[in-house]
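Engineer: Could you look at this predicted model? Sequence included:
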Amino acid sequence: MQGGPCTTIHNAGKNVSKKFARNILVAAIAVAALSAGFPGPAAAATAPLSHAHIAEHFDLAGGQMPENIVREPNGSLDVSFSAARQIAQVTRHGAVRVLATLPAPADGGVHTPALGFPLVTGLVRDAHGTLYFLYATGTSDLTGVWRLTPGGTPQRIAALPADGLPNGLALDDHRLYVTDSVRGVIWRVPTSGGDATVWASGNELASTGFLGANGLKVHNGAVWASNMDKGTVLRFPLKRNGTAGPAEIMADQLPGIDDFDFIGHSDRILAALDQSDQVALVEPDGTHTIVLSAQDGLQNPTALAVRGDTVYVTSAAYLTRQDPNLLTARIQPHC
């Protein structure tokens, strides 16, 4: 997909690529230190997944490092390209169309907590095609929740603290939930915009040195979140009055867990393990099996989207610095 109109990247993205490379090195050193003792790559795709293959390759030099992913009804995929500060759409035929490029912070984003570069992170889509996403810059004028209506231009609808790192995003009716990987909280924001309020907090969401609360989903009457540093999956029951119930640890021993998704209506989870280049199948009892690995083409997987019998996995190549990509695999019927 390199070269030509299908991979057109705004000059702004290329101009920051060298600065990004320097900044990401700092983050890579921190992540590498945390990943000591992680399990090595497993064998290629194992049951219940099959037919794993890389569907798209993205432009590393242009900052096309996919951080999150949602599927359009027509089969296209919307992705957030973190380092390019972009929201883009990948068509069913493999063309990449940039939908929006976020403004660069005046200081270049060097004060973005934990990472030192501005990045677009969580992404969700509502039933009307409006995209909501997160932007972290370390500056108060840009950090927060953004909205992009079909054919429109991006606008920030809620500010979030500049000293935080908004990361995971989930949508429930007219409410958005946001994990803050540095502050260790879950924010709640109306889809209409306005003030963000802390919906959940506590030690379960806190970091132990790099990034805490990360991936996020609303599922089966609860808000689910991952903690990257602690390798856990958490469940917060949604009370009738909209407040958070006490946190339950649903799974642990998943070091480097980033985003995740559920298989159908069940509580079975497919989770991206960023630093070990793996995807884990997590059962409702908390046990897990590695079902995809670097042998399948994963390079620091960041997010997943499950639709029917297909799973889409984005790899950002933050540490490998080789091949950011989109991988697909088939979920076997017995899963």
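Structural biologist: Received the coordinates, thanks.

Engineer: Next one: the most centrally placed residue in the chain from residue 194, what distance?
Structural biologist: For the chain, the residue nearest the mean C-alpha position is residue 68 (3.9 Å; C-alpha atoms, centre = their mean). Here residue 68 is placed at a distance of 23 Å from residue 194 (C-beta to C-beta, to the nearest Å). C-beta here means a position set from N, CA and C on the backbone, and glycine is covered the same way.

Engineer: next one: residue 316
Structural biologist: Remark: distance between residue 316 and residue 194 (C-beta to C-beta) = 31 Å.

Engineer: can you map out the strands along the stretch 151-300 of the chain?
Structural biologist: 155-159, 166-172, 175-180, 185-190, 197-201, 213-219, 222-227, 232-237, 248-251, 257-262, 269-273, 278-282, 288-292 (DSSP state E, counting those that start in this stretch).

Engineer: and those strands as a markdown table, adding mean pLDDT and mean neighbour count?
Structural biologist: Shown next, in a markdown table, are the strands of the stretch 151-300 of the chain (pLDDT from 0 to 100; neighbours: other C-beta atoms under 10 Å):
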| stretch | mean pLDDT | mean neighbour count |
| --- | --- | --- |
| strand 155-159 | 98 | 17 |
| strand 166-172 | 98 | 24 |
| strand 175-180 | 98 | 26 |
| strand 185-190 | 98 | 22 |
| strand 197-201 | 98 | 16 |
| strand 213-219 | 98 | 24 |
| strand 222-227 | 98 | 25 |
| strand 232-237 | 98 | 21 |
| strand 248-251 | 98 | 17 |
| strand 257-262 | 98 | 25 |
| strand 269-273 | 98 | 27 |
| strand 278-282 | 98 | 24 |
| strand 288-292 | 97 | 21 |
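
Engineer: among the ones you listed, which is nearest residue 148?
Structural biologist: In terms of C-beta to C-beta, the element of these nearest to residue 148 is strand 155-159, at 8.0 Å.

Engineer: So what's the predicted local confidence for the residue nearest to the centre of the chain?
Structural biologist: Note on residue 68: pLDDT of 98.

Engineer: and the residue nearest to it when sequence neighbours are not counted, what does it touch?
Structural biologist: Leaving aside its sequence neighbours, residue 68 sits nearest to residue 123 (C-beta to C-beta, 6 or more residues apart in numbering; 4.1 Å). Applying C-beta atoms under 8 Å, 6 or more residues apart in numbering to residue 123 gives the contacts 67-70, 78-80, 87, 131-134, 169.

Engineer: could I have the helix or strand where residue 123 lies exported to PDB, CA atoms only?
Structural biologist: Assessed by DSSP states H and E, residue 123 sits inside strand 119-125. Provided in PDB are the C-alpha atoms of strand 119-125 (Å, rounded to 0.1, in the frame of the first residue of the first chain):
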ATOM      1  CA  LEU A 119      -1.200  10.900  19.300                       C
ATOM      2  CA  VAL A 120      -4.700  10.000  18.300                       C
ATOM      3  CA  THR A 121      -5.900   7.000  20.400                       C
ATOM      4  CA  GLY A 122      -9.400   5.600  21.100                       C
ATOM      5  CA  LEU A 123     -12.000   5.500  18.300                       C
ATOM      6  CA  VAL A 124     -15.700   4.600  18.300                       C
ATOM      7  CA  ARG A 125     -18.600   5.000  15.800                       C
END
